[in-house]
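> Generate coordinates for the sequence data below:
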Amino acid sequence: MKRLLTLDLKDYNDDMPVFEKHTVRAVILRDGRLSMQLGANGEYKIPGGGVEGGESHIATLEREVREETGLLVIPDSIEEIGEILEIRQDVFRKGTKYICHSYFYFCDVMEQTVETQMTASEMAKGFHPVWEYPEVICRANEAIQTQPWQIRDTEFVRMLLEGSIRRGI
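Sure thing, here's the model as predicted:
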């Protein structure tokens, strides 16, 4: 998968232990709006999450979208976009170098929805699914940007707005 962006905070040492993670992110567009998770603090997150033992990217994408938004992915609509690589000190494990590969995919969803299955952490932060315009997402996240993943998602949405990422190319 092509690399879209590398976000390297250079806040780690090369002799630190490494924690490496692989995640997928769903880019779902409808009527000019993106399907997102919105937190109580006004933070927008692109739906997605970690690949679990032996899971394919597609299976992870379908599961995470269902859990976080209640939307059901149409498998034949999935289109690879690219990867954002994050390298930084782990927010949760100080003294550990964190390397995260986030793989982004366009996909369409069915009209039918199911109940979300948020994690305890997502519920505690008040996350819920919404449809929002990319401009609104960027403005809101730029005002917050206290966490590295907010930077990642904001940069991705900005690339969509600028047209450097488009479906079908």
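
> Next, the buried residues of the helix ranked longest in the chain.
Counting residues, the longest helix found in the chain (DSSP state H) is helix 148-162. Neighbour counts using 16 or more other Cβ atoms under 10 Å place 148-154, 156-160 of helix 148-162 among the buried residues. (Glycine included, C-beta is placed from N, CA and C.)

> And for stretch 52-66?
Those would be 55, 57, 60-66, for stretch 52-66 by 16+ other Cβ under 10 Å.

> again, but for stretch 104-124
Here stretch 104-124 shows 104-109, 116, 118, 122 as buried, counting by 16+ other Cβ under 10 Å.

> Among the residues you listed, which ones are in helices?
Filtering those for helices - DSSP H - leaves E122.

> With distance to V136 added, can I get the buried residues of stretch 104-124 in CSV?
Output for these, formatted as CSV (distance: Cβ to Cβ, whole Å):
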residue, distance to V136
F104, 20
Y105, 22
F106, 20
C107, 21
D108, 22
V109, 20
T116, 21
M118, 22
E122, 21
